[in-house]
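Trainee: When you get a sec, could you give me coordinates for this:
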Amino acid sequence: MATDIPSTGFLRLPQVLKLFPISKSAWWKGCATGRYPKPLKLGPRTTVWRAEDIKAFIENAGKEGEGHD
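Mentor: Model prediction:
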């Protein structure tokens, strides 16, 4: 799944939620608490996430589940 993420650039919320399928409100709450990557504001109505941050987050989330039998 992480291979669908560009190596650099920005992702908008719908793109992020396709990779990490949770509700918008749950995603925003996670961003506010620091659980999910921090967003960047490009303008008053444009919020993005760095592709590198999302890719690293997904890779690390997969590692957290390893080793627990």
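Trainee: tell me, which helix in this protein spans the most residues?
Mentor: Ranked by residue count under DSSP state H, the longest helix found in the chain is helix 51-64.
Trainee: mind listing what the most centrally placed residue in the chain touches?
Mentor: Nearest residue to the geometric centre of the chain (Cα atoms, centre = their mean): residue 54, 3.9 Å. By Cβ atoms under 8 Å, 6 or more residues apart in numbering, the contact set of residue 54 is 5, 11, 16, 19-20, 37. For the C-beta atoms, the positions are set from N, CA and C on the backbone; glycine is no exception.
Trainee: mind running it again at 10 Å?
Mentor: 2, 5-6, 10-11, 15-16, 19-20, 36-37 (Cβ atoms under 10 Å, 6 or more residues apart in numbering).
Trainee: what's the answer for residue 27, then?
Mentor: 13, 16-17, 20-21, 35-36, 39, 49.
Trainee: Quick check: pLDDT value at the closest residue in space to residue 20 that isn't next to it in sequence.
Mentor: Leaving aside its sequence neighbours, residue 20 sits nearest to residue 58 (Cβ to Cβ, 6 or more residues apart in numbering; 6.7 Å). The model reports residue 58 with a pLDDT of 87.
Trainee: Kindly report the same for residue 20.
Mentor: On the pLDDT scale, residue 20 is placed at 87.
Trainee: returning to that earlier point: from the contacts of residue 54, pick the one nearest residue 62.
Mentor: Minimum separation from residue 62 among the contacts of residue 54 (Cβ to Cβ) is found for residue 2, which lies at 8.2 Å.
Trainee: pLDDT wise, what is the closest one at?
Mentor: Looking at residue 2, its pLDDT reads 50.
Trainee: and residue 4, how many neighbours?
Mentor: 10 (other Cβ atoms under 10 Å).
Trainee: which regions of the chain sit below the pLDDT cut-off?
Mentor: Scanning the chain for pLDDT under 70 picks out the ranges 1-3, 64-69.
Trainee: Which stretches in it count as helices?
Mentor: Going by DSSP H, the chain shows helices at 13-19, 24-33, 51-64.
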